[in-house]
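**Q** After the sequence you'll find the predicted model.
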Amino acid sequence: MAEPRHTTQERITDGDGVAVESALVGEDLALSYPSVDETIVDCARLDIPAESVTALVGPNGSGKSTLLKALSNHLEPAEGTVTIHGEDLDSFDQKELARELGVLSQENDSLGSISVENLVYHGRYPHRGFFEGVSEDDHSAVERAIELAGIEQIRDAELGQLSGGQKQLAWIAMVLAQDTDVLLLDEPTTFLDVHHQFRVLETIRQLNEEKGVTVAVILHDIAQAARFADYLIAMCDGELYDWGPPEEVVTEQLLADVFGVEATVQHEPELQVLPRRALPDR
Ligand SMILES: Nc1ncnc2c1ncn2[C@@H]1O[C@H](COP(=O)(O)OP(=O)(O)OP(=O)(O)O)[C@@H](O)[C@H]1O
C-alpha cells in the first residue's frame with residue numbers, strides 16, 4: 001500500500017484543519033472472523049464525525065463491511081474498542097443499541113414470508129415494550145419511512161416476491177422507521193436504478209440536514225461518494241489509507257494507488273472524478 005497522508009492516530013479535520021466531534025470512535029482495532037487466522041482490519045483510530053455524512057470507500061475486499069460490522073456490534077473486535085457518544089458499545093443491550101444505531105447490512109436476515117409493511121413495522125421493535133402494541137408514534141414513523149423510501153405501491157407485497165432493488169428499498173424503509181440518531185449503511189444503493197440511488201442519497205442528506213442524523217455509508221462509486229459525502233474514509237488492504245473532506249482525499253494518486261484506475265480529478269466547478277482506464281494489477 002502507498003504511504004498514507006496521516007499518522008494512524010490523527011483525527012478527522014474539517015476543511016480548516018479543526019478536529020471534528022465524533023459520534024463513533026474505534027481505537028486500536030484488530031478485526032477478524034472465527035474462520036480466519038489473520039487480522040482483516042487493523043486500525044489505530046477511526047472517527048465517524050457527528051451529525052455528518054461519512055462515506056467509506058475502497059476496493060472489493062478492503063475491509064469496509066468488516067469495519068462497519070464492528071461499528072454496529074455485529075462483530076466483536078479481536079482487539080480494541082468502539083464507543084458511541086463516548087460509551088462502549090458493549091455497555092448497551094441489543095434493544096438499547098438499536099435505539100441509537102440503525103444498521104443496513106449486506107446480509108439481511110431472512111424473515112420468511114412477510115409483507116413490506118410488516119417488515120417496516122419490524123424497525124420499531126426497539127421502541128416497544130414486551131407487551132405493548134403498535135403506538136401512534138410507531139404508526140407515523142412507519143408511514144414516514146414508507147414515504148421516504150418511495151415504496152407505497154409495494155407496501156402490501158410479500159418481501160420474497162420483490163426484485164433486488166425493491167427489497168433493498170424495503171430494508172432501507174425498515175432502518176428509517178427505527179428513527180435513530182446514527183445510521184450505518186452498507187451499500188444502500190446496490191441494486192437500485194439511478195432514480196432510486198439519488199432518492200436514497202437525497203433522503204440520507206435530508207435526515208442529516210433536518211435532524212442532524214450521523215451517517216456512515218459504504219459506497220462503491222467513488223465519484224458519487226466524493227460529491228455526496230461531507231467526509232471520506234478510504235480503505236485499502238484492511239487499513240485506513242486516508243480520511244478527511246472529499247476535496248482533500250480524492251486525488252489522482254488515491255485513485256491509482258487504492259482503486260487501480262487512471263483518472264482525472266477536477267475541482268471546478270465541483271469535485272468530479274473522471275475514470276479513464278484500469279491500471280495493471282499490482
Ligand atoms: N464472514 C467472513 N468470514 C471470513 N472472512 C470474511 C468474512 N467476511 C469477509 N471476509 C474477508 O474479509 C476481507 C474483507 O471483506 P469485507 O467484506 O470487509 O470487504 P469490503 O471492502 O466490504 O468488500 P466489498 O466491497 O467487496 O463488499 C475479505 O478478504 C473477505 O474475504
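**A** Right, received. Where do you want to start?
**Q** Could you report the pLDDT at residue 133?
**A** You'll see residue 133 listed with a pLDDT of 81.
**Q** any idea how far it is from the ligand?
**A** From residue 133 across to the ligand, the span is 37 Å (C-beta to the nearest ligand atom, to the nearest Å). Quick note: C-beta positions are derived from backbone N, CA and C, even for glycine.
**Q** got a list of what residue 216 touches?
**A** By C-beta atoms under 8 Å, 6 or more residues apart in numbering, residue 216 lies in contact with 24, 48, 54, 55, 56, 68, 71, 182, 183, 184, 185.
**Q** repeat for residue 272
**A** 223, 226, 227, 265, 266.
**Q** Same question for residue 70.
**A** Neighbouring residues of residue 70 by C-beta under 8 Å, 6+ apart: 26, 29, 31, 41, 76, 77, 82.
**Q** ok, and the most crowded of those?
**A** Counting neighbours by other C-beta atoms under 10 Å, residue 41 comes out on top of the contacts of residue 70 with 27 neighbours.
**Q** packing partners for the helix or strand residue 254 falls within?
**A** Element membership of residue 254, judged by DSSP states H and E, is helix 252-257. Secondary-structure packing of helix 252-257 (3 or more C-beta pairs under 8 Å, 6 or more residues apart in numbering; DSSP states H and E): strand 239-244, strand 261-266.
**Q** for the ones you listed, which one sits closest to the ligand?
**A** Across these, the ligand has its closest neighbour in strand 239-244 (11.6 Å, C-beta to the nearest ligand atom).
**Q** next one: that closest one to chain centre, how far?
**A** Put simply, strand 239-244 sits 15 Å off its chain's centre (C-alpha atoms, centre = their mean, to the nearest Å).
**Q** now, which of the contacts of residue 70 sits nearest the ligand?
**A** Distances from the ligand to the contacts of residue 70, taken by C-beta to the nearest ligand atom, are shortest for residue 41, at 7.1 Å.
**Q** Is the residue located most distally from the centre of the chain part of a helix or strand, or is it coil?
**A** Computed with C-alpha atoms, centre = their mean, the residue of the chain farthest from its C-alpha average is residue 131, at 32.4 Å. With DSSP: H, G, I helix; E, B strand; the rest coil as the basis, residue 131 sits in coil.
**Q** what's the distance between it and the ligand?
**A** Distance, residue 131 to the ligand, by C-beta to the nearest ligand atom: 36 Å.
**Q** List the residues that contact the residue lying closest to residue 116 once chain neighbours are set aside.
**A** Closest residue in space to residue 116, ignoring its immediate chain neighbours: residue 170 at 4.6 Å, by C-beta to C-beta, 6 or more residues apart in numbering. By C-beta under 8 Å, 6+ apart, residue 170 lies in contact with 116, 119, 120, 149, 151, 154, 159, 162.
**Q** Neighbour count and pLDDT added to these, as a markdown table?
**A** A markdown table is the format used below for these (neighbours: other C-beta atoms under 10 Å; pLDDT from 0 to 100):
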| residue | neighbour count | pLDDT |
| --- | --- | --- |
| 116 | 26 | 95 |
| 119 | 22 | 95 |
| 120 | 27 | 96 |
| 149 | 26 | 92 |
| 151 | 22 | 94 |
| 154 | 22 | 96 |
| 159 | 20 | 91 |
| 162 | 16 | 90 |
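**Q** Endpoint to endpoint, stretch 207-220 covers what distance?
**A** Length of stretch 207-220, first residue to last, C-alpha to C-alpha, to the nearest Å: 21 Å.
**Q** what mean pLDDT does it have?
**A** Across stretch 207-220, pLDDT averages out at 95.
**Q** same deal with stretch 168-182?
**A** If you average the pLDDT over stretch 168-182, you get 95.
**Q** From the chain's centre, how far out is stretch 145-163? Work that out for me.
**A** 22 Å.
**Q** for stretch 159-171, that is, sorry about that
**A** Distance, centroid of stretch 159-171 to centroid of chain: 19 Å (C-alpha atoms, centre = their mean).
**Q** got the CA positions of that stretch in CSV?
**A** Extracted C-alpha coordinates of stretch 159-171, given in CSV (Å, rounded to 0.1, in the frame of the first residue of the first chain):
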residue,chain,number,x,y,z
LEU,A,159,-40.8,-9.5,0.5
GLY,A,160,-39.8,-12.8,-1.2
GLN,A,161,-41.6,-11.8,-4.4
LEU,A,162,-39.8,-8.5,-4.9
SER,A,163,-36.9,-7.6,-7.1
GLY,A,164,-33.5,-7.0,-5.6
GLY,A,165,-33.9,-3.2,-5.8
GLN,A,166,-37.4,-3.3,-4.3
LYS,A,167,-36.2,-5.5,-1.4
GLN,A,168,-33.3,-3.1,-0.8
LEU,A,169,-35.8,-0.2,-0.5
ALA,A,170,-38.0,-2.1,1.9
TRP,A,171,-34.9,-2.8,4.1
